[in-house]
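Asks: my questions concern the predicted model and sequence given below.
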Amino acid sequence: MALPWNVVDRFITEEEGVLELRQRGQRDFIITLGTQVLMNSMAQRSEIALGELGAKPLASHPAPRVLVGGLGMGITLRAVLDSLPRTATVVVRELNPQIVKWCQGPLLDLTHGAVADPRVTVEVGDVVEGISNASKQDRFDAIILDLYRGPHPRTDKKNDPFYGSRAIERARKALNPGGTFAVWGENHDEGFMKRLASGGFSVEFKRAGKGGYCHAVFLATKKRG
């Protein structure tokens, strides 16, 4: 018989309703928004793939700078850290301070202390702002977006703050030449792929693992020159 879910913490968001962290057993967690399950600690292969694909090209970089947009359970962050050298700097932008508290508290052991890693700085704020604020002196070598809604056919092609053509241009300017822009998504989106290609990136589409339903990773590399 499956164990019942226990509510570890809950709070009401201004725009989207009740967000809950639930647990059963030692390492089995879910985060829900109303009746929707946003994240499940037992089904994270696409988040791990996102972190690995976004960060592994920097494994031999002397001092890479990486921006992670969206903290969630910290699974993507853990995969990023495991793929980077000890000289890396990782900035995490998470809009909701309660999510940060969960990752510093009940979820800390799940990711082997990812948010407490000395390479990590967690900033409460909009990742769009973090991308926009990057200058020539502090560009990133990778930008990794792990948001709970990915690009889709109804995305505003120009003005979507994360996946529109203007957002892609912001990301391009915030990256060093050859830098990686990795984005989590529910499914393939040809429009997003075309916008990335038109915006100065070479683009790949990856599925995480084989068999069963699996989410997607859009992997774009800023062209040099």
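Replies: Received, thanks.
Asks: quick one: residue 2 from residue 30, how far?
Replies: Distance from residue 2 to residue 30, counting by C-beta to C-beta, to the nearest Å: 13 Å. Bear in mind the C-beta positions are built from the backbone N, C-alpha and C, glycine included.
Asks: quick one, which of these two is more surrounded?
Replies: A count of neighbours by other C-beta atoms under 10 Å puts residue 30 above the other of residue 2 and residue 30, at 18 against 7.
Asks: immediately after whatever helix or strand that one lives in, which helix or strand?
Replies: According to DSSP states H and E, residue 30 maps onto strand 28-33. Tracing the chain C-terminally past strand 28-33 and defining elements by DSSP H and E, one meets strand 36-40 next.
Asks: check which helices and strands that following strand is in contact with.
Replies: Contact here means 3 or more C-beta pairs under 8 Å, 6 or more residues apart in numbering; DSSP states H and E; on that basis strand 36-40 packs against strand 28-33.
Asks: give me the contact list for the strand it packs on.
Replies: 3, 5, 8, 13, 16-23, 37-42, 72-73, 102, 106-107, 110, 148 (C-beta atoms under 8 Å, 6 or more residues apart in numbering).
Asks: now do that strand against strand 36-40, angle only.
Replies: 140 degrees (axes from the mean of the first three to the mean of the last three C-alpha atoms, to 10 degrees).
Asks: tell me how far strand 28-33 is from the chain's mean position?
Replies: Distance, stretch centre to chain centre, for strand 28-33: 17 Å (C-alpha atoms, centre = their mean, to the nearest Å).
Asks: C-alpha coordinates for it, CSV please?
Replies: Below are the C-alpha coordinates for strand 28-33, written out as CSV (Å, rounded to 0.1, in the frame of the first residue of the first chain):
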residue,chain,number,x,y,z
ASP,A,28,9.6,11.2,-2.3
PHE,A,29,8.5,14.8,-2.7
ILE,A,30,6.0,16.6,-5.0
ILE,A,31,5.3,20.3,-5.5
THR,A,32,1.7,21.0,-6.4
LEU,A,33,-0.1,24.1,-7.7
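Asks: show me which residues of that strand are buried.
Replies: Within strand 28-33, the residues scored as buried using 16 or more other C-beta atoms under 10 Å are 29, 30, 31, 32.
Asks: next, count neighbours for residue 95.
Replies: Neighbours of residue 95 using other C-beta under 10 Å come to 17.
Asks: isn't it up against residue 124?
Replies: Yes: if you go by C-beta atoms under 8 Å, residue 95 and residue 124 touch, sitting 7.2 Å apart.
Asks: how close does the most centrally placed residue in the chain get to residue 177?
Replies: Geometric centre of the chain, nearest residue: residue 146, 2.1 Å, by C-alpha atoms, centre = their mean. Residue 146 is 24 Å from residue 177, where distance means C-beta to C-beta.
Asks: how about low-confidence regions in the chain?
Replies: 1, 209-214, 225 (pLDDT under 70).
Asks: and the helices in it?
Replies: For the chain, the helices defined by DSSP state H cover 45-55, 75-83, 97-104, 127-132, 165-174, 190-198.
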